[in-house]
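**Student:** make a model of this:
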Amino acid sequence: MKPFVIFRAPETVRWLKKPKGKHRYRFNAWVYLPFSKAKVVQEITTKEPITVTDLMPLLNETVNVVMDELQCELYEYWAKFLLSINDNTTEEEIDHYHDSVPESDYGFEAYIWG
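**Tutor:** Model (predicted):
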């Protein structure tokens, strides 16, 4: 089954078709955590047929939950960094620590389900 919309970070959105009317939907929101190398996935399937307009708030809420996981990992990384800074820390070390943050990968796919 092909998704009708695909989002990939940071700004790639591809609509393969625009569903009309009420359908049941399934969508997967995911994020790769850059430091723990884990993939966090939230899969939601609507129980009742709804429109795409009704689906969007549910999708946004689910994506926010997944992105919270990413934010927690990044905050932990920066907290450890801030705690490691002392009077002997050089500007080059700070720049290296900042530049070594890996890119985050996240997105979602939405499907018409059943």
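**Student:** could you list the buried residues of the lowest-mean-pLDDT helix or strand in the chain?
**Tutor:** Lowest mean confidence among the helices and strands of the chain (mean pLDDT, DSSP states H and E): helix 91-99, at a mean of 85. Neighbour counts over helix 91-99 (16 or more other Cβ atoms under 10 Å) mark Tyr97 as buried. Bear in mind the C-beta positions are built from the backbone N, C-alpha and C, glycine included.
**Student:** stretch 65-80 too?
**Tutor:** When neighbours are counted by 16+ other Cβ under 10 Å, the buried residues of stretch 65-80 are found to be 66-67, 69-70, 73, 77.
**Student:** could you dump the residues you listed into CSV and include secondary structure, distance to Lys37 and pLDDT?
**Tutor:** As requested, the buried residues of stretch 65-80 are arranged in CSV below (DSSP: H, G, I helix; E, B strand; the rest coil; distance: Cβ to Cβ, whole Å; pLDDT from 0 to 100):
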residue, secondary structure, distance to Lys37, pLDDT
Val66, helix, 16, 91
Met67, helix, 18, 91
Glu69, helix, 13, 91
Leu70, helix, 13, 91
Glu73, helix, 11, 91
Tyr77, helix, 13, 88
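**Student:** so which of these is the closest to Gly107?
**Tutor:** The shortest gap between Gly107 and any of the buried residues of stretch 65-80 belongs to Val66, at 9.6 Å (Cβ to Cβ).
**Student:** quick one, what contacts that closest one?
**Tutor:** 29-31, 40-42, 106 (Cβ atoms under 8 Å, 6 or more residues apart in numbering).
**Student:** list the contacts for the closest residue to Pro102 other than its chain neighbours?
**Tutor:** Distances taken as Cβ to Cβ, 6 or more residues apart in numbering put Pro34 closest to Pro102, at 4.0 Å, once the chain neighbours are dropped. Listed by Cβ under 8 Å, 6+ apart, the contact partners of Pro34 are 73-74, 101-104.
**Student:** how far away is Pro34 from Glu69?
**Tutor:** According to Cβ to Cβ, to the nearest Å, Pro34 stands 11 Å off from Glu69.
**Student:** please apply the same query to Glu61.
**Tutor:** Taking Cβ to Cβ as the criterion, Glu61 is separated from Glu69 by 14 Å.
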